[in-house]
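1. Predicted model and sequence follow; I will ask about them next.
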Amino acid sequence: MIAKWMPNQSAPLWSPTRNEEPNEVYFEDITLNHVRQVGPSCVATSLSMVANAVGGTTTPKDFKHITNSQAPYTWSEALKPFGLQLAYCNNDVRRLSYFIDELIELNDLFFLCFYSVDPPSDPEDSGKLCTAHIITMHQDTIYDTAQHPLFGGVCHAKHYSRLDRQTKRIFRVVPLNHQRCI
C-alpha cells in the first residue's frame, strides 16, 4: 500500500470539511468601500476596510497599534471585535494568477499577500526579508489600498495589474470562532 502511494501535487485553496456545505459563502452581501493607504500601512488599512464593511467605524490607525504587519495572528485577533477572524488557505509561492480563478469561484472575502519583488531566501542585514503587500478580494473584485480606486485600486480580479507576483499568504475571512480560524 505505501509503495504505491503518490503525493497529491495540488490542493484546493479551501477544501470543504464534513460540517460545511461545499461552496459555503460567508460574506456575500457586504459592501467594501476602498480606502487609500497612507504610507506603509496596507495591513492596517485592509483590516479597517473589512471591519467597516461589517458595521465597524474604524480607521487604519486603530489597527496599527494592535497588529504587527509581519504577524497574521495579530491581524486575526484584531478582527475579533467585529465578529471576524482569518483562516489560512492552502497555497504556495506560485504567482497570484495561478490562484485567481479558484478564488473567484469561491466567491467570498479574502486577503491576498504577495511579494513585491522576487523573494530572496535570506533576509537583509536589517532583518527584513523583502517587501510584501496585502490586498483584499471580495467575490471577483480586488481592492488595492496602495492604488487610487479609479486607477487599479478597485478592479476585476482577472484584470489586476500585479497577478504576476509570487504569493506569500492567502487568508479567507471567516466568522468568529470558525473551526479553521487562526
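-> Great, that's in hand. What you see is a predicted model; the values in this text were computed from it and never measured.
2. Mind naming the longest strand for this protein?
-> As assigned by DSSP state E, the longest strand anywhere in the chain is strand 167-175.
3. Buried residues, it. List them.
-> The neighbour-count check on strand 167-175 (16 or more other Cβ atoms under 10 Å) flags 167-168, 170-174 as buried. Every residue, glycine included, has its C-beta placed from N, CA and C.
4. In CSV, list these along with pLDDT.
-> Converted to CSV, those look like this (pLDDT from 0 to 100):
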residue, pLDDT
Thr167, 95
Lys168, 94
Ile170, 97
Phe171, 98
Arg172, 97
Val173, 98
Val174, 96
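5. Including distance to Ile182, could those go into CSV?
-> Output for the buried residues of strand 167-175, formatted as CSV (distance: Cβ to Cβ, whole Å):
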residue, distance to Ile182
Thr167, 17
Lys168, 15
Ile170, 12
Phe171, 8
Arg172, 10
Val173, 11
Val174, 10
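6. Out of those residues, the closest to Pro72 would be?
-> Phe171 (6.6 Å; Cβ to Cβ).
7. What distance do you get for that closest one to Lys80?
-> 14 Å (Cβ to Cβ, to the nearest Å).
8. got it, and Tyr73?
-> From Tyr73 to Lys80 the distance is 11 Å (Cβ to Cβ).
9. same deal with Asn91?
-> Asn91 is 23 Å from Lys80, by Cβ to Cβ.
10. how about the helices of this structure, start to end?
-> 42-53, 60-64, 72-79, 96-106 (DSSP state H).
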